[in-house]
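[1] kindly generate the corresponding structure for this input.
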Amino acid sequence: MSGLLSPVAALGRSMLALLAYVGRVAIFAGATVAHVFRPPWYWREFGWALMQIGWLSLPVVGMTALFTGGALALQIYDGGARFQAEFAVPSIVAIGMVRELGPVLGGLMVAARVASSIAAEIGTMKVTEQIDALVTLSTHPMKYLTVPRVVAATLAVPVLVAVGDSIGILGGYLVGVTRLDFNAAAYLKNTFDFLELWDVTSGLIKGAVFGFIVALCGCYFGMNSGRGAQGVGRATKSAVVTASVLIFAANYILTEVFFAA
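    Have a look, this model is predicted:
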């Protein structure tokens, strides 16, 4: 009988471990948000984080958006040609970039670059006991390390998304005009005629949520990394994987909220 119940017991243990993990992350997120509104604020750390997360992520986000917009135009043109709907390329490229591809790809690129960097940095500080030194100096580690990075990512990623949207639409425009023989003026007119303000705004809101997720995952796994190089490596990997999965999950939830009929 006990042999028959072993798989059920293993499943139960896994579910309890998952729920405990979700609870720890939720408590960490709640504490981070609470500390945002309580002084002191470390503006120097915030400025440094803003530079690292925002400005230095711009090249990879821009290049990703440029090639994505171009590939999207080619795919939509090829698919639309089967239904004599090639004229829809400009509007679909624009809507697809600002609603979905711009925020999601931008969030994933930032997750790959920033979540890993934050987790490795904070994890190394934990291994070398620098976080303990902060406590000794009466500096709250969450306020000094987590809050500036989370706030900076929440503010910077929507800006990256806006720039990526523009570059992605530009990529579709360049492919449409140079490869697909669209008239330049007509392409731009179709782009802006069908693009609504809410399309852009929803993408920026997604960007803010994704930025919060990325920085939170980096800080959480960095703060909870194991000892030694292997512990820091596991924390870095877990931060990127968790942030990426949560971005996809949050994207579905937000899309359901924003656009469900």
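
[2] low pLDDT regions in the stretch 151-261 of the chain?
    Confidence mapping of the stretch 151-261 of the chain against pLDDT under 70 gives the ranges 261.

[3] which stretches of it form helices?
    Shown for the stretch 151-261 of the chain, the helices assigned by DSSP state H, counting those that start in this stretch span residues 184-193, 197-223, 228-259.

[4] tell me which of those helices lies nearest to Ala94.
    Across these, Ala94 has its closest neighbour in helix 184-193 (4.7 Å, Cβ to Cβ). All C-beta spots, glycine's among them, are computed from the backbone N, C-alpha and C.

[5] so which elements touch that closest one?
    Here helix 184-193 touches helix 89-96, helix 147-178, going by 3 or more Cβ pairs under 8 Å, 6 or more residues apart in numbering; DSSP states H and E.

[6] reformat those helices as CSV; add distance to Glu45.
    Shown next, in CSV, are the helices and strands packed on helix 184-193 (distance: least, Cβ to Cβ, whole Å):
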stretch, distance to Glu45
helix 89-96, 37
helix 147-178, 4
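
[7] of these, give the one that comes closest to Gly70.
    Of all those, helix 147-178 sits nearest to Gly70, with 4.1 Å by Cβ to Cβ.

[8] the closest one vs helix 89-96, what angle?
    Inter-element angle recorded for helix 147-178 and helix 89-96: 170 degrees (by axes from the mean of the first three to the mean of the last three Cα atoms, to 10 degrees).

[9] list the buried residues for helix 147-178?
    Neighbour-count burial for helix 147-178 flags 147-177 (criterion: 16 or more other Cβ atoms under 10 Å).

[10] then stretch 228-242?
    232, 234-236, 238-240, 242.

[11] which of the helices or strands spans the residue nearest in space to the middle of the chain?
    Most central in the chain under Cα atoms, centre = their mean is Gly107, positioned 2.6 Å from the mean C-alpha point. Assessed by DSSP states H and E, Gly107 sits inside helix 102-110.

[12] can you check Leu11 too?
    helix 2-36.

[13] quick one: the closest residue to Leu188 other than its chain neighbours from Phe67, how far?
    Computed as Cβ to Cβ, 6 or more residues apart in numbering, the closest residue to Leu188 that is not its neighbour in sequence is Tyr173, at 7.1 Å. As judged by Cβ to Cβ, to the nearest Å, Tyr173 and Phe67 stand 14 Å apart.

[14] Ala184 too?
    Ala184 is 20 Å from Phe67, by Cβ to Cβ.

[15] Ala235 too?
    When distance is defined by Cβ to Cβ, Ala235 is 31 Å away from Phe67.

[16] same check on Ser166?
    Distance, Ser166 to Phe67, using Cβ to Cβ: 14 Å.

[17] I figured Phe46 hits Pro148, correct?
    Yes - with contact defined as Cβ atoms under 8 Å, Phe46 counts as touching Pro148 (4.1 Å).

[18] shared neighbours of those two, anything?
    Residues touching both Phe46 and Pro148 by Cβ atoms under 8 Å, 6 or more residues apart in numbering: none at all.

[19] ok so, going back, what helices or strands is whatever helix or strand comes next after the helix holding Gly107 leaning on?
    Per DSSP H and E, the first helix or strand lying C-terminal to helix 102-110 is helix 116-127. In terms of contacts (3+ Cβ pairs under 8 Å, 6+ apart), helix 116-127 is packed against helix 197-223, helix 228-259.

[20] ok, now which ones touch the nearest residue to Lys206 once chain neighbours are set aside?
    Nearest-residue entry for Lys206: Pro103, 3.9 Å, with adjacent residues in sequence omitted and distances by Cβ to Cβ, 6+ apart. Counting by Cβ under 8 Å, 6+ apart, Pro103 touches 161, 203-204, 206-207, 210, 251.
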